[in-house]
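A.B. asks: Here is my input, please return the structure:
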Amino acid sequence: MSPKTMGLRNHAIALLAASTAGFTAPASTAEPSSVHPGPMSRQEAYARAEALTALGRQMFFDPSLSVSGKQACSSCHDPNHAFGSTSASPVEMGGAKLDQPGVRAVPSLRYLQAAPAFTEHFRDSEDEGDESVDNGPTGGLTWDGRADHGKDQARIPLLSPFEMGNKDEAEVVASLRRAPYARAFKAAFGADVFDHPRDAFDAAVEALGTFEQSSADFYPYSSRYDAFLAGKAQLSAQELRGRMLFEDETKGNCASCHLSEPANDGEPPQFTDYGLIAIAVPRNPAIPANADPDYFDLGLCGPLRADFKGRAEYCGLFKTPTLRNVALRKSFFHNGYFHTLRDAVAFYASRDTDPGRWYPKKADGTVNKFDDLPKAYWPNLNTEPPFNGKKPGDRPALTDAEIDDIVAFLGTLTDADQAGQ
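C.D. replies: Purely as a prediction, here's the structure:
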């Protein structure tokens with residue numbers, strides 16, 4: 001296992017331990033409060049976690065928390081679709097009248113529990129030496145890694161003008177005050193919690209974040225591949241070939257980013273290294289924002305993430321998502337350009353060998369390769385296998401039959417509760 005993998009596993013363990021951090025008062029708080037209680041026993045912490053999970057679940061399915069009164073978290077993150085979108089549309093509509101389009105595809109919320117906090121320079125020291133390797137930007141949630149924890153991520157849709165549309169924290173709290181679970185909210189966070197809108201909003205996103213850490217809902221590890229790793233299921237000959245191609249560094253090389261082997265401690269594979277990478281998915285004309293030829297979604301360097309604006313070396317980088325439940329998706333990558341899993345895999349295999357298959361043509365008839373990434377940022381593109389310096393006309397790393405094999409393998413990553421969806 002690579003140093004990066006081992007370090008992420010250790011980080012994941014620390015993160016899971018820190019998931020109860022909301023149960024202790026922050027250092028800057030002089031006195032414990034109901035929103036941020038003081039130190040408690042393990043039993044008390046578990047009881048509080050259960051209470052917040054139940055509260056967060058109610059909030060997750062509550063459309064009254066949106067300005068329209070029609071959009072809940074679950075509207076875009078459907079639990080019957082691995083907490084992802086059921087739609088093939090590249091973006092969803094939101095806002096007060098549900099007429100404001102988003103700019104990115106809806107990601108699944110499953111298997112985010114072990115994502116480390118974002119760092120520009122993920123380093124892992126080798127056990128047998130002092131040298132370390134800089135793996136670059138790693139971690140965080142959302143397509144650009146700008147939220148470190150579930151509660152940070154939960155803030156975004158509540159206040160986004162093209163999602164749930166609340167103008168500020170106080171508007172969310174006003175809805176919470178009227179909610180049928182307001183009494184449970186006060187029981188968890190204090191009878192006067194609604195008199196302090198900022199505290200109440202922080203409490204709300206804490207509850208949502210706690211719910212999104214619940215194992216049965218968000219990381220059941222119940223796929224057929226998990227059963228196969230445990231020696232309780234078999235894969236077909238095609239699925240086994242697909243697994244081999246997925247892991248082969250000279251073929252698919254998928255496992256270089258989508259880690260497919262269990263950790264040394266037996267923790268199931270996450271099918272992501274949590275890194276951010278540039279692969280130049282074709283521009284999606286179905287996204288309304290892209291009607292402006294000067295608009296580019298550059299991921300880590302903006303526009304939704306502002307702290308790295310102007311950092312050219314980060315432009316075009318997007319989060320590597322987990323591939324668990326990927327066969328359920330109806331749109332792929334950050335802009336939802338592809339609508340079949342097979343096309344998504346085939347794009348990797350022939351992006352550089354057959355660019356005319358994927359990218360549009362210019363007025364002069366030449367292929368407008370990498371049309372959604374300005375040329376100044378092309379040096380950021382990943383060129384490892386299966387890209388591997390290939391040129392138009394070269395033989396792709398994968399044949400059509402091998403692509404089918406990988407797709408078959410990816411179908412084994414669907415959780416048991418999602419089978420048949």
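A.B. asks: In contact with the nearest residue in space to residue 385 that is not next to it in sequence: list those residues for me.
C.D. replies: Distances taken as C-beta to C-beta, 6 or more residues apart in numbering place residue 253 nearest to residue 385, at 4.1 Å, with adjacent residues excluded. In short, each C-beta sits where N, CA and C put it, glycine included. By C-beta atoms under 8 Å, 6 or more residues apart in numbering, the contact list for residue 253 reads 384-386, 397.
A.B. asks: Buried ones in stretch 231-243, by neighbour count?
C.D. replies: 235, 238-243 (16 or more other C-beta atoms under 10 Å).
A.B. asks: mind saving the C-alpha coords of it as CSV?
C.D. replies: Written as CSV, here are the backbone C-alpha positions of stretch 231-243 (Å, rounded to 0.1, in the frame of the first residue of the first chain):
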residue,chain,number,x,y,z
GLY,A,231,-14.9,-14.4,1.1
LYS,A,232,-18.7,-14.4,1.1
ALA,A,233,-19.4,-13.9,-2.6
GLN,A,234,-18.0,-14.6,-6.0
LEU,A,235,-17.4,-12.3,-9.0
SER,A,236,-18.0,-13.4,-12.6
ALA,A,237,-15.2,-14.0,-15.0
GLN,A,238,-15.9,-10.7,-16.6
GLU,A,239,-16.0,-8.8,-13.3
LEU,A,240,-12.7,-10.4,-12.3
ARG,A,241,-11.1,-9.3,-15.6
GLY,A,242,-12.5,-5.9,-15.0
ARG,A,243,-11.0,-5.8,-11.6
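A.B. asks: re earlier: inside helices: which ones of the buried residues of stretch 231-243?
C.D. replies: 238-243 (DSSP state H).
A.B. asks: wait, which of those is closest to residue 46?
C.D. replies: If you rank those by distance to residue 46 using C-beta to C-beta, residue 243 comes first, at 37.4 Å.
A.B. asks: where does the nearest residue to that closest one once chain neighbours are set aside land on pLDDT?
C.D. replies: Among residues not flanking residue 243 along the chain, residue 409 sits closest, at 4.8 Å (C-beta to C-beta, 6+ apart). Per-residue pLDDT puts residue 409 at 98.
A.B. asks: On the three-state scheme, residue 409 is what?
C.D. replies: helix (DSSP: H, G, I helix; E, B strand; the rest coil).
A.B. asks: returning to that earlier point: filter the contacts of residue 253 down to just the buried residues.
C.D. replies: 385-386, 397.
A.B. asks: which one among these gets closest to residue 416?
C.D. replies: residue 386 (30.7 Å).
A.B. asks: mind listing what the residue nearest to that closest one when sequence neighbours are not counted touches?
C.D. replies: Nearest residue to residue 386 in three dimensions, chain neighbours excluded: residue 397, at 3.5 Å (C-beta to C-beta, 6+ apart). Residue 397 makes contacts with 250-253, 349, 385-386, 388, 390, as judged by C-beta under 8 Å, 6+ apart.
A.B. asks: about what we covered before: touching, the residue nearest to residue 243 and residue 247? I think so.
C.D. replies: No: between residue 409 and residue 247 there is no contact, the gap being 9.6 Å when judged by C-beta atoms under 8 Å.
A.B. asks: right, and residue 328 touches residue 417 too?
C.D. replies: No: using C-beta under 8 Å, residue 328 is not in contact with residue 417; the gap is 11.3 Å.
A.B. asks: Looking at the two, which is more packed in?
C.D. replies: residue 328 (23 against 14; other C-beta atoms under 10 Å).
A.B. asks: Just send the ones in helices among the buried residues of stretch 231-243 back as TSV, with pLDDT and distance to residue 206 too.
C.D. replies: Formatted as TSV, these follow (pLDDT from 0 to 100; distance: C-beta to C-beta, whole Å):
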residue	pLDDT	distance to residue 206
238	98	45
239	98	41
240	98	44
241	98	46
242	98	41
243	98	39
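A.B. asks: Out of those, name the two that are farthest from one another.
C.D. replies: Most distant of these, by C-beta to C-beta, are 238 and 243, 9.8 Å apart.
A.B. asks: Run through the chain and note the low-pLDDT ranges.
C.D. replies: Along the chain, the parts satisfying pLDDT under 70 run over 1-36, 124-132, 421.
A.B. asks: Of all the helix elements in it, which one is longest?
C.D. replies: Every helix in the chain considered (DSSP H), the longest is helix 42-60.
A.B. asks: And the helices in this protein?
C.D. replies: 3-18, 42-60, 73-76, 150-159, 169-178, 182-189, 197-211, 215-218, 224-229, 237-247, 341-350, 400-410.
A.B. asks: now the angle between helix 197-211 and the fifth one, please.
C.D. replies: It stands for helix 169-178. 70 degrees (axes from the mean of the first three to the mean of the last three C-alpha atoms, to 10 degrees).
A.B. asks: From the chain's centroid, how far away is helix 169-178?
C.D. replies: Counting by C-alpha atoms, centre = their mean, to the nearest Å, helix 169-178 is centred 27 Å from the centre of its parent chain.
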